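>>> what's the 3D shape of this:
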Amino acid sequence: MTAATRTSPSARRVALAGLVGTTIEWYDFFIYGTAAALVFAPQFFPGASPVAGTIAALSTYAVGFVARPVGGAVMGHFGDRIGRRSMLVLSLLIMGVGTALIGVLPTYASIGIAAPILLVVLRFAQGLGVGGEWGGATLLALEHAPPNRRVVYSSFPQLGLPLGVVLASLVFLLTRLVMSEAGFASWGWRIPFLASAVLVAFGLVLRLKLDESPEFRQARTRQEVRRAPLAEVLRAPRVLLPASGLNLIGSGLGNVVLVFTLSYVAAEQLVPASAMLAISIGTALAWAAAITVSAVLAERYGRRTLLTIGSGLLTVWAFPYFWLLDTGSVGASTLACVVSGIGIGLATGPYGAFLTEAYPVAVRYSGSSVAYAIGGVLGGALSPIVATVLHGATGAATTVSAYLVFLGLLTLVCVVTLRSPHPAVAPATASRQLEGNSS
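Below you'll find the predicted structure:
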């Protein structure tokens, strides 16, 4: 077996730890989205109308996405200066503490206006944590992997997102099934948040045992570490702009499926909430399977090819998605969501490698984290809010579909225009390549 194909136990351990850690972080992130769609409006915004309360609750959900570029910039800076592993430990701590505190947060009825303010603060903390999580986990997996397995290994942290959704949906579904609607709305929604503390402790044990990235160690040995990595990233807009748009449709439609759809089917009385939670679990499992298939195919046929196929599928699926939901059939709704999950998985399997390899080792944490977070704000953060506003204003889901098609077309432009990444090259050479991309 050649050096190019040999896989060390350390590489496998890093990939597994990345999967576990990102699953926990995305569980924390998405239990908030589920709670925002189901219970936060009456608990924290009781004086608003149903639509206004839902928009307010989803706006607090969006705050987490807004915080992600801040977390990506701060943790990316220190991740490029002092190492990837330490930032991964910090990101998990921030996320875990913020999530647990939401679980004990008093509602508006208890402390008034302070309740939604504190909710926003804690959601911002969640966003800071996940903003630094994705880049670090993806880089550790990628930079430990053999050259011809970088897409597959970097896809392990991508799996954490749908698996986190599965875990979040299962916990919420079980909680709803074992208690009354009143009990769930009153205090049962806190259980998933408090359960996070146990998961975070497990994730921290794994992360503290990881080795630092060999490519980062090499860059530090060669004194290639930058004093201001983010400044170098910002000076290369021809890389940053398309990199930030690679996942607009995946993040946008993904959050419409996982967040907006819950409130949409409830308002239209289409499918029971418990059934939609079960559908979300099936969707996330299809999403995870598609990530694995896409990563394997991308090793053979190219990252850009699979990104284009997945993003194209999501773009053309935007209208059929709501047509199927509007039938009110559980089977049709399942089909709508599962096909969406497959498309997201196809588009995100090679995403980690394609994005991170657009940047040299010395600024890779900063560049990939900020680009990923910006895409999350423009796609995932805004999509549930825009969808709620469009549907509330027009009463027609076709306006939401048109918005998603717009995101899809922007994504395809970014996939085509981002320069070919440069994997596994020496830091000095990679730096020159970045300068060439920005010229």
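>>> which strand or helix spans the residue positioned nearest the centre of the chain?
What sits nearest the mean C-alpha location of the chain, by Cα atoms, centre = their mean, is residue 161, with 5.9 Å. Element membership for residue 161 (DSSP states H and E) is helix 150-177.
>>> stretch 332-343: how far from the chain's middle?
Stretch 332-343 has its average C-alpha position 18 Å from the chain's average C-alpha position, going by Cα atoms, centre = their mean, to the nearest Å.
>>> other SSEs contacting whichever strand or helix holds residue 194?
In this assignment (DSSP H and E), residue 194 forms part of helix 190-207. If you count contacts as 3 or more Cβ pairs under 8 Å, 6 or more residues apart in numbering; DSSP states H and E, helix 190-207 packs onto helix 9-38, helix 84-103, helix 150-177. To be clear about C-beta, it is placed using only N, CA and C from the backbone, and glycine gets the same treatment.
>>> quick check: buried residues in the shortest one?
Just to be clear, that refers to helix 84-103. Buried residues in helix 84-103, defined by neighbour count with 16 or more other Cβ atoms under 10 Å: 84-92, 94-103.
>>> picking up where we left off before, looking at the helices and strands packed on helix 190-207, which one has the lowest mean pLDDT?
For the helices and strands packed on helix 190-207, mean pLDDT drops lowest on helix 9-38, to a mean of 78.
>>> just the buried positions in that one, please.
Within helix 9-38, the residues that count as buried by 16+ other Cβ under 10 Å are 11, 14-15, 17-38.
>>> ok, back up a step: can you tell me the closest non-neighbouring residue to the residue nearest to the centre of the chain?
residue 26 (4.8 Å; Cβ to Cβ, 6 or more residues apart in numbering).
>>> is it true that the one you found touches residue 159?
No - at 9.8 Å, residue 26 does not count as touching residue 159 under the criterion of Cβ atoms under 8 Å.
>>> so the helix holding residue 161 versus helix 9-38, what angle?
Between the axes of helix 150-177 and helix 9-38, defined by axes from the mean of the first three to the mean of the last three Cα atoms, to 10 degrees, the angle is 40 degrees.
>>> helices and strands around helix 150-177, which ones?
Helix 150-177 packs on helix 9-38, helix 114-144, helix 190-207, helix 273-301, helix 330-348, helix 351-356, going by 3+ Cβ pairs under 8 Å, 6+ apart.
>>> check which residues of that helix are buried.
Using 16+ other Cβ under 10 Å as the test for burial, helix 150-177 gives 150-173, 175-176.
>>> now do stretch 241-258
242-258.
>>> check stretch 75-84 too.
Residues of stretch 75-84 classed as buried: 75-81, 83-84 (neighbour count, 16+ other Cβ under 10 Å).
>>> what's the burial count for residue 194?
When neighbours are counted by other Cβ atoms under 10 Å, residue 194 registers 14.
>>> that older thread, quick one: the following helix or strand past the helix holding residue 194 to chain centroid distance?
Once helix 190-207 ends, the next helix or strand along the chain (criterion: DSSP H and E) is helix 214-221. From the chain centre to the centre of helix 214-221 is a distance of 28 Å (Cα atoms, centre = their mean).
>>> by how many degrees do helix 214-221 and helix 114-144 diverge?
90 degrees.
>>> report the next helix or strand after helix 214-221 in sequence order.
Downstream of helix 214-221 (by DSSP H and E), the next one is helix 229-234.
>>> output that next one as PDB, nothing but the C-alphas.
Extracted C-alpha coordinates of helix 229-234, given in PDB (Å, rounded to 0.1, in the frame of the first residue of the first chain):
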ATOM      1  CA  PRO A 229      -4.800  35.300   8.400                       C
ATOM      2  CA  LEU A 230      -8.300  36.900   8.100                       C
ATOM      3  CA  ALA A 231      -6.900  40.000   6.400                       C
ATOM      4  CA  GLU A 232      -5.300  37.800   3.700                       C
ATOM      5  CA  VAL A 233      -8.600  36.100   3.200                       C
ATOM      6  CA  LEU A 234     -10.400  39.400   2.700                       C
END
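>>> does anything pack onto it? Which helices or strands?
Counting contacts by 3+ Cβ pairs under 8 Å, 6+ apart, helix 229-234 is packed against helix 50-81, helix 237-244, helix 364-376.
>>> where are the low-confidence patches of the stretch 301-439 of the chain?
With pLDDT under 70 as the threshold, the stretch 301-439 of the chain has low-confidence stretches at 420-439.
>>> swap in the stretch 151-300 of the chain?
In the predicted model of the stretch 151-300 of the chain, no residue satisfies pLDDT under 70.
>>> dump the residue contacts of the closest residue to residue 347 other than its chain neighbours.
Spatial nearest neighbour of residue 347, chain neighbours left out: residue 310 (2.8 Å); criterion: Cβ to Cβ, 6+ apart. By Cβ atoms under 8 Å, 6 or more residues apart in numbering, the contact set of residue 310 is 250, 290, 294, 343-349.
>>> how about the helix or strand harbouring residue 310: buried residues?
Here residue 310 sits within helix 303-325, counting by DSSP H and E. Going by neighbour count (16+ other Cβ under 10 Å), the buried part of helix 303-325 is 303-304, 306-315, 317-319, 321-322, 324-325.
>>> then stretch 85-92 to CSV, C-alphas only?
Output of stretch 85-92 as CSV, limited to C-alpha atoms (Å, rounded to 0.1, in the frame of the first residue of the first chain):
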residue,chain,number,x,y,z
ARG,A,85,-7.5,21.2,18.0
SER,A,86,-7.7,23.8,20.8
MET,A,87,-10.4,25.8,18.9
LEU,A,88,-12.5,22.7,18.5
VAL,A,89,-12.5,22.1,22.2
LEU,A,90,-13.4,25.8,22.8
SER,A,91,-16.2,25.7,20.2
LEU,A,92,-17.8,22.6,21.9
